[in-house]
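*Asks:* here is the input, now give the coordinates:
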Amino acid sequence: MSMYLESFFAGVESRRHAWPAGRPDLHWHLLFRDEDVHNALVEPYRLITNRPGLAPVAAPWLHCTVLHAGPVAEYREQQIADIVERVSKECQDIEAFDLTFDRPGVGTVAIECAARPGLPARRLWEITSRVDAEVTGGRYPLIPSVYYPHASLAYGAGDVRADRRALKQDLSDHPGEPVVLRAERLCLVAQSHDRRHITWTPIAEVTLT
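*Replies:* Have a look, this model is predicted:
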């Protein structure tokens, strides 16, 4: 394993099913209140995430990805409407749930907080991926192919590469406890990146009861 954090954005642009800069793709996310995210995950780790080689995630864009689907331009308007309607119907009896986000860890391309329990979030991944495949005829690969809920606080980015060992050392000395966020909004967005930041335009929202 590399001693340096790799670029998340270079990785998604060079993988087999690439996601190039500027192209909006459909994503399903669990989103939380900006104030909760800022107070619990963004502000406490600002000294860690604001460093060369990292692209910190601001509270409005911090998310827990459920599914990365296909390019927005390749969906017909009615297909998106059908996907939203079917996902909404299948989520009618799914209750909101708490996700406990652990202290951040240093991955290969991001600083991220793993969340638990995985089962209720994985159920949403199963529903959204199956509905998308049924509506599109299985046109797009399953991303992620194995699901675990997590939130990234900063991505590896740019020409400078952050030292993973130094980040791990500093995190070991940094105060902080696991935090609980309420998952009650499953959101469909048109998401793109500029090789440093991820942003999106909202399309639809499914409220968990």
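
*Asks:* C-alpha coordinates for stretch 122-137, PDB please?
*Replies:* Backbone C-alpha positions of stretch 122-137 (Å, rounded to 0.1, in the frame of the first residue of the first chain) are rendered in PDB as follows:
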ATOM      1  CA  ARG A 122     -27.600  -1.600   2.400                       C
ATOM      2  CA  ARG A 123     -31.300  -2.200   1.900                       C
ATOM      3  CA  LEU A 124     -31.600   1.200   0.200                       C
ATOM      4  CA  TRP A 125     -28.600   0.300  -2.000                       C
ATOM      5  CA  GLU A 126     -30.400  -3.000  -3.000                       C
ATOM      6  CA  ILE A 127     -33.600  -1.200  -3.800                       C
ATOM      7  CA  THR A 128     -32.100   1.700  -5.800                       C
ATOM      8  CA  SER A 129     -29.700  -0.500  -7.800                       C
ATOM      9  CA  ARG A 130     -32.400  -3.100  -8.600                       C
ATOM     10  CA  VAL A 131     -34.900  -0.400  -9.700                       C
ATOM     11  CA  ASP A 132     -32.200   1.400 -11.900                       C
ATOM     12  CA  ALA A 133     -31.300  -1.900 -13.500                       C
ATOM     13  CA  GLU A 134     -34.900  -2.900 -14.200                       C
ATOM     14  CA  VAL A 135     -35.700   0.500 -15.700                       C
ATOM     15  CA  THR A 136     -32.500   0.800 -17.800                       C
ATOM     16  CA  GLY A 137     -32.200  -2.900 -18.700                       C
END
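
*Asks:* average pLDDT for that stretch?
*Replies:* For stretch 122-137, mean pLDDT is 98.

*Asks:* and for stretch 191-209?
*Replies:* For stretch 191-209, the mean pLDDT works out to 97.

*Asks:* contacting residues around the residue positioned nearest the centre of the chain?
*Replies:* Among the residues of the chain, Thr65 comes closest to the average C-alpha position under CA atoms, centre = their mean, at 3.2 Å. Thr65 makes contact with His27, Trp28, His29, Pro144, according to CB atoms under 8 Å, 6 or more residues apart in numbering. Heads up, the C-betas are built off the backbone N, CA and C, glycines and all.

*Asks:* just the buried ones from the residues you listed?
*Replies:* His27, Trp28, His29 (16 or more other CB atoms under 10 Å).

*Asks:* buried stuff in the helix ranked longest in the chain?
*Replies:* Longest helix in the chain by number of residues, with DSSP state H as the criterion: helix 118-136. Going by neighbour count (16+ other CB under 10 Å), the buried part of helix 118-136 is Pro120, Ala121, Arg123, Leu124, Trp125, Ile127, Thr128, Ser129, Val131, Asp132, Val135, Thr136.

*Asks:* and if you look at stretch 158-174?
*Replies:* Gly158, Arg161, Ala162, Asp163, Arg164, Leu167, Leu171.

*Asks:* and the nearest residue to Leu30 once chain neighbours are set aside, how close does it get to Gly22?
*Replies:* Distances taken as CB to CB, 6 or more residues apart in numbering put Cys64 closest to Leu30, at 4.2 Å, once the chain neighbours are dropped. Plainly put, Cys64 is 24 Å away from Gly22 if you go by CB to CB, to the nearest Å.

*Asks:* between the two, tell me which one has more neighbours.
*Replies:* Cys64 (20 against 8; other CB atoms under 10 Å).
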